[in-house]
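*Asks:* Return a 3D structure for these sequence lines:
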Amino acid sequence: MTEDTPTAPKTEQHDPAVPEAYAAFMRTGWDDGPSDVSRHPVADLAAARRQRLADAFPGERLVLPGGGYQVRAFDTDYRFRADTAHAYFSGNHTSDATLVVEPDGSAVLYARPRSGRDSDEFFRDRQYGALWAGKRPSAEELATALGVEVRHVDDLASALGNGTKTRVHRQVSAAVDGLVAADEARDTELARVLSEMRLVKDDWEVGELQSAVDATTLGFEDCVREWDRVIEHGERWLEGTFFRRARTMGNDLGYDSIVANGSHATTLHWIENSGAVVPGELILLDMGVENANLYTADITRTLPVNGRFTTLQRDLYTLVLQAQDAALAALRPGAKFLAGHDAAMVVLAHGLDDLGLLPVPVEEALSPDSRVYARWTLHGTSHMLGMDVHDCGHAAPETYRDADLVEGMVLTVEPGLYFQADDLLVPDELRGIGIRIEDDVVVTADGVRNLSSALPRTPEAIEEWMGDLRG
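*Replies:* Numbering: from 1, shown residues only. Take a look at the predicted model:
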């Protein structure tokens with residue numbers, strides 16, 4: 001099928017009938033010339049990635065779907081975001097496309113380009129028509145931008161039917177999954193390798209992550225500048241303010257923002273963001289911008305709503321900050337991925353012991369057979385960061401959680417303390433307080449570089465920063 005072949009448009013039953021006279025009139029009188037397209041900076045990087053991927057599976061064809069639209073409310077689709085592996089190895093962000101990497105490293109992108117104006121799609125199709133959803137690139141435009149051969153997606157089924165041993169990145173596209181018989185072991189291995197190839201970031205990727213962090217920093221500043229409105233309207237106002245920055249400077253949010261005032265901060269993934277912002281309490285903001293090339297930041301700051309910490313808030317915040325400093329100091333090439341977590345937990349466990357909370361001596365609490373301190377720390381201190389906020393999720397433990405750090409890895413550092421409002425084992429004054437500090441770092445030759453250092457971390461710097469932004 002060529003891109004000019006008419007296809008049945010996606011319409012709804014309530015759409016009015018289309019007389020042939022109207023359809024014929026709509027097919028004429030349009031300027032449908034090509035758009036001015038330049039080669040994307042990721043094109044050469046993606047080609048090299050595809051060759052390394054092919055080398056990992058000699059003699060096999062590898063199929064990486066990008067996914068399609070997901071329906072939200074019958075006639076409404078969620079905004080499309082390409083599957084991470086597909087985008088990483090192709091650079092393509094259009095929906096319904098599939099990248100096929102052949103055993104020799106050559107590749108074809110099977111895409112859904114725009115239809116010609118001699119079809120009804122452009123003015124009738126609610127999902128792909130230019131007048132409904134915007135102008136899709138042509139096959140030639142995609143090929144120019146991405147440096148890869150492009151064929152129509154309708155040719156994919158026949159291309160996969162020639163008997164070559166094939167692996168599929170599963171659970172991205174049900175339609176593509178159905179074209180090749182599943183082999184769970186082999187397909188799982190492909191998913192693992194796709195993740196592991198992203199563990200170490202190149203210089204271009206680190207630059208993309210820095211741009212996402214920089215936009216996120218501006219989003220945090222936007223929020224504090226509007227603090228009077230925040231106190232008036234609550235958590236929702238902060239969520240909306242940050243989202244505006246994410247859409248202005250990026251593709252979207254990297255994940256649903258966590259805007260957690262007071263005891264909401266003790267719910268790790270509080271994304272309801274429906275509460276009040278109360279003077280005298282702390283508010284935890286965990287937010288990140290996903291940039292245009294799908295790299296995301298992931299930053300958390302815990303701020304005093306009044307602009308100044310109380311003595312208790314400052315003491316608890318300082319304990320978490322000391323834990324983060326210990327974690328940052330422990331990270332370097334050759335150190336275990338968990339070295340930062342272990343260092344942070346030592347600090348927090350001793351702090352909890354000083355507060356009289358541990359039911360056993362601190363040395364016993366820190367034992368792998370105990371870990372009772374984790375009642376108040378709850379989560380790990382780090383995860384990989386990249387095109388996904390929890391990047392490389394299918395990597396094997398021996399290459400990720402249990403591995404040594406390597407220069408070029410990017411990870412979060414985010415210790416926290418959480419005292420639940422209904423925790424009867426802590427004093428009243430601690431209940432309902434949650435504090436997390438999170439930064440994004442890249443492993444360098446001799447340690448780590450904090451990509452998010454522009455956002456203040458110390459209590460004194462936070463108070464000064466909030467005061468300056470609020471005027």
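
*Asks:* Unless I misread the structure, Val206 falls within a helix.
*Replies:* Yes. Membership of Val206 in a helix is supported by DSSP: H, G, I helix; E, B strand; the rest coil.

*Asks:* Output stretch 445-457 as CSV - backbone C-alpha positions only.
*Replies:* What follows is stretch 445-457 as a C-alpha-only set of coordinates in CSV (Å, rounded to 0.1, in the frame of the first residue of the first chain):
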residue,chain,number,x,y,z
ALA,A,445,35.1,9.9,36.4
ASP,A,446,35.5,10.7,40.1
GLY,A,447,32.1,10.9,41.6
VAL,A,448,28.8,12.5,40.5
ARG,A,449,27.6,15.8,39.0
ASN,A,450,24.4,17.1,40.3
LEU,A,451,22.3,18.1,37.3
SER,A,452,19.7,19.8,39.6
SER,A,453,22.1,21.9,41.7
ALA,A,454,20.4,25.1,40.6
LEU,A,455,17.6,24.3,43.1
PRO,A,456,18.6,25.1,46.7
ARG,A,457,18.9,22.2,49.1
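
*Asks:* For that stretch, what is the distance to the chain centroid?
*Replies:* Relative to its chain's centre, stretch 445-457 lies at 20 Å (CA atoms, centre = their mean, to the nearest Å).

*Asks:* Rounded mean pLDDT for that stretch, please.
*Replies:* For stretch 445-457, the mean per-residue pLDDT is 98.

*Asks:* repeat for stretch 275-295
*Replies:* Averaged over stretch 275-295, pLDDT sits at 98.

*Asks:* Ok, stretch 398-412 next?
*Replies:* Computed over stretch 398-412, the mean pLDDT rounds to 98.

*Asks:* in that stretch, what's buried?
*Replies:* Thr399, Tyr400, Arg401, Ala403, Leu405, Gly408, Met409, Val410, Leu411, Thr412 (16 or more other CB atoms under 10 Å). C-beta here means a position set from N, CA and C on the backbone, and glycine is covered the same way.

*Asks:* My reading is that the last one lies in a helix. Confirm?
*Replies:* Spelled out, it's Thr412. No. Secondary structure of Thr412 (three-state DSSP): strand, not part of a helix.

*Asks:* can you pull the contacts of it?
*Replies:* Going by CB atoms under 8 Å, 6 or more residues apart in numbering, Thr412 touches Asp298, Ser382, His383, Leu385, Glu438, Asp439, Asp440, Val441.

*Asks:* rerun that using 7 Å as the cut-off
*Replies:* Counting by CB atoms under 7 Å, 6 or more residues apart in numbering, Thr412 touches Asp298, Ser382, His383, Leu385, Glu438, Asp440.

*Asks:* In those residues, which residue is surrounded by the most others?
*Replies:* Leu385 (28 neighbours; other CB atoms under 10 Å).

*Asks:* thinking again about what came up before, closest to Asn261 out of the contacts of Thr412?
*Replies:* Glu438 (17.4 Å; CB to CB).

*Asks:* Which of the buried residues of stretch 398-412 sits closest to Ala339?
*Replies:* Nearest member of those to Ala339, counting by CB to CB, is Leu405, at 7.6 Å.

*Asks:* correct me, but the closest one touches Gly340?
*Replies:* No. Leu405 is beyond contact range of Gly340, at 8.9 Å (criterion: CB atoms under 7 Å).

*Asks:* Serialize the buried residues of stretch 398-412 to CSV and add fields for distance to Asp422.
*Replies:* Shown next, in CSV, are those (distance: CB to CB, whole Å):
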residue, distance to Asp422
Thr399, 40
Tyr400, 35
Arg401, 32
Ala403, 38
Leu405, 38
Gly408, 44
Met409, 38
Val410, 37
Leu411, 33
Thr412, 28
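
*Asks:* hmm, back to that, which ones among the contacts of Thr412 are found in helices?
*Replies:* The helices, defined by DSSP state H, take in nothing from the contacts of Thr412.

*Asks:* before we move on, the earlier item: what is the nearest of the buried residues of stretch 398-412 to Pro9?
*Replies:* Distances from Pro9 to the buried residues of stretch 398-412, taken by CB to CB, are shortest for Val410, at 43.3 Å.

*Asks:* can you tell me which residues contact the closest one?
*Replies:* If you count contacts by CB under 7 Å, 6+ apart, then Val410 has Lys201, Val206, Leu209, Met384, Leu385, Gly386, Asp440, Val442 around it.

*Asks:* Assumed Tyr110 was part of a strand.
*Replies:* Yes. Under three-state DSSP, Tyr110 falls within a strand.

*Asks:* is it in a bridge, and if so with what?
*Replies:* Thr98, Arg151 (DSSP bridges).

*Asks:* what ranges do the strands span in the stretch 101-250 of the chain?
*Replies:* Using DSSP state E, counting those that start in this stretch, the strands of the stretch 101-250 of the chain run over 107-111, 149-152, 166-168.

*Asks:* want to throw those strands into JSON lines with mean neighbour count?
*Replies:* What follows is the strands of the stretch 101-250 of the chain, written out as JSON lines (neighbours: other CB atoms under 10 Å):
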{"stretch": "strand 107-111", "mean neighbour count": "23"}
{"stretch": "strand 149-152", "mean neighbour count": "18"}
{"stretch": "strand 166-168", "mean neighbour count": "23"}
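
*Asks:* In CSV, list those strands along with distance to Thr458 and mean pLDDT.
*Replies:* Output for those, formatted as CSV (distance: least, CB to CB, whole Å; pLDDT from 0 to 100):
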stretch, distance to Thr458, mean pLDDT
strand 107-111, 48, 98
strand 149-152, 52, 98
strand 166-168, 49, 97
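
*Asks:* Among these, which comes closest to Trp270?
*Replies:* With CB to CB as the criterion, Trp270 lies closest to strand 166-168 of the strands of the stretch 101-250 of the chain, at 36.5 Å.

*Asks:* and Gly380, how far is that from Glu290?
*Replies:* 22 Å (CB to CB, to the nearest Å).

*Asks:* between these two, which one's more packed in?
*Replies:* Glu290 (23 against 16).

*Asks:* anything in contact with each of Leu405 and Gly340?
*Replies:* Between them, Leu405 and Gly340 share the contacting residues Leu331, judged by CB under 7 Å, 6+ apart.

*Asks:* Is it possible to get JSON lines of the strands of the stretch 101-250 of the chain that adds distance to Ala323?
*Replies:* Output for those, formatted as JSON lines (distance: least, CB to CB, whole Å):
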{"stretch": "strand 107-111", "distance to Ala323": "46"}
{"stretch": "strand 149-152", "distance to Ala323": "50"}
{"stretch": "strand 166-168", "distance to Ala323": "42"}
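
*Asks:* Determine which of these approaches Glu239 most closely.
*Replies:* Here strand 107-111 is closest among the strands of the stretch 101-250 of the chain (CB to CB), at 34.6 Å.

*Asks:* Does anything pack onto the closest one? Which helices or strands?
*Replies:* Counting contacts by 3 or more CB pairs under 7 Å, 6 or more residues apart in numbering; DSSP states H and E, strand 107-111 packs against strand 98-101, helix 139-146, strand 149-152.
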